[in-house]
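Colleague: What follows is a predicted protein model with its sequence.
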Amino acid sequence: MGECMKRMWKGAAAALALSFVCSAPAAAYEAFSGPLGLLYSDKSKAFDGYTLVAPLQTNVTYLMDMDGNIINEWTCDTTPFYSELLPNGNLIRHGRLPDAWPAYGGVSGVLQEYDWSGNKVWEYKMFTPGVEVSHHTFEVMPNGNYMLLGWEHKSYDEMVKAGRDVNLPGHSVFKDGMKINGRMVEGIWPDFVREINRQGETVWEWHVWDHLGKGPDKIDINVFLTPKRSPVQAGPDWTHFNGVSYNPNTDQVALTSRNLGEVYIIDKKTGNIVSRWGNPANYGEGKFPSGYYDDGDTELFGPHAPDWTSDTTVSIFDNGDARLSANYSRAVEVDVTTGKIVWQWRPADVGTTPSNFYTATQGGCQKLPNGNWLITSTNTGGHTIEVTPDKEIVWEFINPLGRGNKVYATSGKHGQTGQFMVHKSLRYAKDDPRFAGKDMSVKRKLMPEGTPNWVELLQFQSAPSELPKKR
């Protein structure tokens, strides 16, 4: 185990020292409290490049170098959910409209493009009250089109006609609706996928509603989360898709469903579900979790962020939410043609307490060109690590930008308040064509003046002897 492993996962002495300064409990501080910003960097093993970070509670997205210096930043007119860079270097982001409704987790409503200088140059609104709203992530396609996830409204009567048994235990869609955040939501809101071109024209759609039924190529309208987990997700927010990825070589679309615990592979031409993985009990070919420490045949618990890594393999961030054996998050790469896991990273692989890198919601993973992985844990403060194929951590960062666009050197609650959350960080190679002709010089330091060099400090001692006050 390298020095980073020893420092990152041992942590008890560090947490104890930090508790006096940050008023945090004596626990593994990387998950709940402590220094923010760049914490570790082994440049000999990390993939050299620039990291895009889009904090969810601010309207600023920033691109930084390996040392945590700002190379470029964008100040936008909405807070983001997910952001990435287009082939021309512009920022494309899913913005959250203030009035977007229903306000399930991940609701967005507008796709926006900003140029390198921070000017908004294009947007597409996908919000019609009572009809549809976009949410979560999107896919930039090779032809310049975009795939967006959306929720669409179906009435209570439409739901019953489609086959929902309202007498099932746990059924949570009510004829009079359900109150969410003080507003009534009527009916059910299943997912769909829309592909648009640059003119905002719809060129392709796929709807859960068109694929209801039983069997491996259908989605059963009578399979849903228990309301003990979440009445909303057991009811109107039934499928809760949250990630989409397109493979141009096979013309297939990968989709993740948080609430059904699966990744679906869709043939774009026919719309058929050609394979799925994560929860075979959903279609009668496996066992549901049945009790303490029994996960049944379920592999995915609240998954996010599918990405094609080859023509047959997909990476997924498996949150582990309500996993009966233990609550832990992992990055997993699976062959969707065989259902075999070809690689995974779990906290247990480095001998740590599972909660140290556990996010019940959101999160993502990115397979880098050198075989390393960039993994983001959203609920532990936008905590991003880079790991080698051998699972060694070689780079570590916790987002310091919080509400009000304030930057903090330390935090006593970054794993609890949610203000430092990042859905998914992305790494781009230094020689990526996106940066051709751009000014890639350091514009400023990300961290507040006077912040210690955590990389140097934490590598040699279990905890800083003195920490600056929050700024």
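Modeller: Arrived safely, thanks for sending. Residues are numbered from 1 along each chain as shown.
Colleague: Span of stretch 97-104 from start to end?
Modeller: Terminal residues of stretch 97-104 are spaced 13 Å apart (C-alpha to C-alpha, to the nearest Å).
Colleague: same question, stretch 299-313
Modeller: 16 Å.
Colleague: List the buried residues for that stretch?
Modeller: Residues of stretch 299-313 classed as buried: 299-309, 312-313 (neighbour count, 16 or more other C-beta atoms under 10 Å). Glycine gets a C-beta too; all of them are placed from N, C-alpha and C.
Colleague: Let me know the pLDDT of the closest residue to Gly163 other than its chain neighbours.
Modeller: Distance criterion C-beta to C-beta, 6 or more residues apart in numbering; nearest residue to Gly163, sequence neighbours excluded, is Ile221 at 5.1 Å. With respect to pLDDT, Ile221 scores 96.
Colleague: and what of the one 5 residues further on?
Modeller: Looking at Thr226, its pLDDT reads 67.
Colleague: longest single strand anywhere in this protein?
Modeller: In the chain, with assignment by DSSP state E, the single longest strand is strand 132-140.
Colleague: What is that one packed up against?
Modeller: Judged by 3 or more C-beta pairs under 8 Å, 6 or more residues apart in numbering; DSSP states H and E, strand 132-140 is in contact with strand 80-85, strand 91-96, strand 109-114, strand 146-152, strand 241-247.
Colleague: and that strand, how far from the chain's centre?
Modeller: Distance, stretch centre to chain centre, for strand 132-140: 13 Å (C-alpha atoms, centre = their mean, to the nearest Å).
Colleague: Nearest residue to Ala281 in space, please, no chain neighbours.
Modeller: Using C-beta to C-beta, 6+ apart, the closest residue to Ala281 is Phe288 (4.3 Å).
Colleague: isn't the one you found right up against Asp294?
Modeller: No. Contact between Phe288 and Asp294 fails when scored by C-beta atoms under 8 Å: they sit 9.5 Å apart.
Colleague: first to last residue in stretch 222-232, what's the distance?
Modeller: Termini of stretch 222-232 sit 15 Å apart (C-alpha to C-alpha).
Colleague: typo on my end, it should be stretch 94-104
Modeller: Span of stretch 94-104 from end to end, C-alpha to C-alpha: 15 Å.
Colleague: Mind checking the pLDDT average for that stretch?
Modeller: 93.
Colleague: Going forward, the N-terminal residue is numbered 31.
Modeller: All right, first residue 31 from here; so that's stretch 124-134.
Colleague: Let me see the residues that make contact with that stretch.
Modeller: Applying C-beta atoms under 8 Å, 6 or more residues apart in numbering, the contact partners of stretch 124-134 are 106-113, 137-142, 153, 155, 157, 159, 163-168, 178, 181, 210-211, 213, 215, 219, 262, 266-267, 270.
Colleague: Counting neighbours, which of these end up buried?
Modeller: For those, buried by 16+ other C-beta under 10 Å: 106, 108-113, 137-142, 157, 163-168, 178, 181, 210, 215, 219, 262, 266-267, 270.
Colleague: can you pull up the bridge partners for Tyr80?
Modeller: Applying DSSP bridges to Tyr80 gives these bridge partners: Tyr458.
Colleague: shouldn't it be in contact with Arg464?
Modeller: No. Using C-beta under 8 Å, Tyr80 makes no contact with Arg464, being 9.1 Å away.
Colleague: neighbour count winner among the two?
Modeller: Higher neighbour count among Tyr80 and Arg464: Tyr80, with 21 against 17, using other C-beta atoms under 10 Å.
Colleague: Let me see the contact set for the more buried one.
Modeller: 93-95, 101, 457-458, 460, 462, 465, 470.
Colleague: next one: Leu141
Modeller: Contacts of Leu141 were listed using C-beta under 8 Å, 6+ apart, and they are 122-125, 153-154, 156, 164, 168, 176, 178.
Colleague: Output the residues you listed in a markdown table, with distance to Thr300 appended to each entry.
Modeller: Converted to a markdown table, the contacts of Leu141 look like this (distance: C-beta to C-beta, whole Å):
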| residue | distance to Thr300 |
| --- | --- |
| Ile122 | 29 |
| Arg123 | 32 |
| His124 | 28 |
| Gly125 | 33 |
| Glu153 | 32 |
| Tyr154 | 26 |
| Met156 | 25 |
| Ser164 | 24 |
| Phe168 | 23 |
| Tyr176 | 22 |
| Leu178 | 21 |
